[in-house]
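S.K.: predicted model follows, preceded by the sequence.
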Amino acid sequence: MNISKYLAEENIILDLKATSKTEAIAELVEQLVKSKKIEAADELIDAVTAREELCTTGLENGIAIPHPRHGQPHILEGVEIVFGRKKGGLEFDSMDGKPSNLLFLLCAENDTSHLRALARLSRMVKDAHFRKDLLAAQSAEDILDLFKKAEETLS
């Protein structure tokens with residue numbers, strides 16, 4: 001599974017405006033509305049927020065992967081990923097207690113696709129050089145290129 005297939009240029013936010021976890025989730029979900037991948041944000045925001053209440057999706061090393069607990073066939077088709085970058089980071093209840101600055105909203109139509117995309121993305125962001133390059137990227141195109149290169153080395 002190639003993450004770059006599900007990450008469109010219009011769904012890359014290089015400078016998140018959010019200052020909190022709740023605002024970040026809303027901003028990432030709203031981007032799917034803006035890019036016409038979903039019709040309304042409320043139901044998806046509720047699903048992602050409910051997942052956060054179970055256990056944080058704030059990982060370590062500045063990474064957060066907010067996502068609903070299950071596939072969302074009534075909201076979208078396929079898999080959609082929104083990338084948001086917050087240079088100074090924001091509090092996301094991360095496992096290491098540090099701010100998150102690389103956020104990936106992950107939504108899928110079914111549980112199988114959801115889990116496969118989550119596993120692949122999680123594996124990719126473990127690489128410190130990849131994370132550093134994502135923070136330094138100057139454009140959405142640069143972000144996509146980084147994902148494509150990383151996928152080549154993982155294949």
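M.R.: On my side now, so go ahead. From a predicted model like this one, the values you see are computed outputs, not experimental measurements.

S.K.: residue ranges in this structure under the pLDDT threshold?
M.R.: Under the criterion pLDDT under 70, the flagged ranges of the chain are 155.

S.K.: show me what the most centrally placed residue in it is bridged to.
M.R.: By C-alpha atoms, centre = their mean, the chain has its centre lying nearest to residue 104, at 1.1 Å. Legend: beta-bridge partners of residue 104 under DSSP bridges are residue 83.

S.K.: isn't it right up against residue 124?
M.R.: No: judged on C-beta atoms under 8 Å, residue 104 makes no contact with residue 124 at a distance of 9.7 Å. Any C-beta I mention is one placed from the backbone N, CA and C, and that applies to glycine too.

S.K.: quick one: residue 120 from residue 131, how far?
M.R.: Here the distance between residue 120 and residue 131 works out to 15 Å (C-beta to C-beta, to the nearest Å).

S.K.: oh sorry, the question was meant for residue 72
M.R.: Counting by C-beta to C-beta - residue 72 and residue 131 are separated by 27 Å.

S.K.: neighbour count winner among those two?
M.R.: Neighbour count, other C-beta atoms under 10 Å: between residue 72 and residue 131, residue 72 has more, with 22 against 17.
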